[in-house]
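> kindly generate the corresponding structure for this input.
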Amino acid sequence: VQLQASGGGLVQPGGSLRLSCAASGSIFGVNDMGWYRQAPGKLRELVATVNNGGSTNYAAAVKGRFTISRDNAKKTVYLQTDSLIPEDTAVYYCYANVRPYDSSGLYRRYWGQGTQVTVSS
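Next comes the predicted model:
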């Protein structure tokens, strides 16, 4: 199972970016998907989550500015980031709780490689 993240970049304050993260491999099922971020010198923090029913959860710092969504058929999670501020600068990591095709029947968390978001004028 692999997660491939994309969509980061350099943007001016007030701008927008759309991050994507696609899961691939020997996948039986996917439940929760989401995004964390880690700024230099800080701990990794939760940004947003979405379950396979579409229910979402956001960190207070991004609520009202970021929107998480998913396409279950594509096993892809998206993060629309609007009204970006310098404090949003970080490496953004996606995750997915995946049940692979194996004998365990258990869900495991897999991580994407991280995509850099830089907000600067």
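
> I'd like the distance between the residue positioned nearest the centre of the chain and residue 74.
The centroid of the chain falls nearest to residue 35 when counting by Cα atoms, centre = their mean (2.9 Å). According to Cβ to Cβ, to the nearest Å, residue 35 and residue 74 sit 17 Å apart. Heads up, the C-betas are built off the backbone N, CA and C, glycines and all.

> same check, this time on residue 6
13 Å.

> can you check residue 95 too?
For residue 95 relative to residue 74 (Cβ to Cβ), the value is 16 Å.

> looking at those two, which one has more neighbours?
residue 95 (21 against 12; other Cβ atoms under 10 Å).

> wait, what's in contact with the more buried one?
3, 33, 34, 35, 36, 109, 110, 111, 112 (Cβ atoms under 8 Å, 6 or more residues apart in numbering).

> again, but for residue 91
Residue 91 neighbours (Cβ under 8 Å, 6+ apart): 37, 38, 114, 115, 116, 117.

> so how far is the strand or helix carrying it from its chain's centroid?
If you go by DSSP states H and E, residue 91 is part of strand 90-100. Relative to its parent chain, strand 90-100 has a centroid offset of 6 Å by Cα atoms, centre = their mean, to the nearest Å.

> quick one: the helix or strand just after it to chain centroid distance?
Using DSSP H and E, the helix or strand that follows strand 90-100 in sequence is strand 108-111. Distance of strand 108-111 from its chain centroid, counting by Cα atoms, centre = their mean, is 12 Å.

> for strand 108-111, packing partners?
Packing partners of strand 108-111 (3 or more Cβ pairs under 8 Å, 6 or more residues apart in numbering; DSSP states H and E): strand 2-6, strand 90-100.

> got the buried residues for that strand?
residue 110 (16 or more other Cβ atoms under 10 Å).

> ok, and the closest non-adjacent residue to residue 117?
residue 8 (4.8 Å; Cβ to Cβ, 6 or more residues apart in numbering).
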